[in-house]
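Chemist: sequence plus predicted model, see below.
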Amino acid sequence: MSKKEKWEIEPDYLHCIDQETGYFYYIYRDPECKHLCGYVEIPNTHKAYWLSYMDELFYDIDVHGGVAYTGTLENPYAKDIRHNYVVGFDCNYAGDYAPGRKYPDCYKVLKKDYKDMNFVISECKKLAKQLKDMED
């Protein structure tokens, strides 16, 4: 029996509340490329609520790859669940290993560059703190 890779044994979905900020965060595995994506839900009173991820307010956010998504989010694993407004990032950038992505021969990415669930949880908490600090 061969040893399973980390992404084969990790969950495809996780939701938690960040104890420090009170914000919910969600982690989903992209169904095609198999990389993880992290999202933090912010309240409708937040000054970033309904802003585009390209808004300058997000330029200084320190999260893996930068803020790559804002908006409502449908749960790909439970279509009847819809999250209000989220700010998110993903782990499918140059240098990241996405298990389902087809890599050209000229592009070498090592499996060690896979951003695992622990990494994404840490990034979600870091993002939640920065978003909470914006409330002031």
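Modeler: Received the coordinates, thanks.
Chemist: just checking, what packs against the longest helix along the chain?
Modeler: As assigned by DSSP state H, the longest helix anywhere in the chain is helix 117-133. In terms of contacts (3 or more Cβ pairs under 8 Å, 6 or more residues apart in numbering; DSSP states H and E), helix 117-133 is packed against strand 13-17, strand 24-29, strand 36-41, strand 82-90. C-beta: built from backbone N, CA, C; applies to glycine.
Chemist: weakest of those strands by average pLDDT?
Modeler: Mean pLDDT is lowest for strand 82-90 out of the helices and strands packed on helix 117-133, coming in at a mean of 89.
Chemist: quick one: that strand to strand 24-29, angle?
Modeler: Inter-element angle recorded for strand 82-90 and strand 24-29: 60 degrees (by axes from the mean of the first three to the mean of the last three Cα atoms, to 10 degrees).
Chemist: how many other residues sit next to residue 45?
Modeler: Look at residue 45: counted by other Cβ atoms under 10 Å, it has 7 neighbours.
Chemist: same deal with the one 5 residues further on?
Modeler: Using other Cβ under 10 Å, residue 50 has 12 other residues around it.
Chemist: now it, what's its secondary structure?
Modeler: Assigned by DSSP: H, G, I helix; E, B strand; the rest coil, the conformation of residue 50 is coil.
Chemist: can I assume it is in contact with residue 85?
Modeler: Yes. Counting by Cβ atoms under 8 Å, residue 50 touches residue 85, with 6.4 Å between them.
Chemist: overlap in contacts, the two.
Modeler: Residues touching both residue 50 and residue 85 (Cβ atoms under 8 Å, 6 or more residues apart in numbering) are residue 70.
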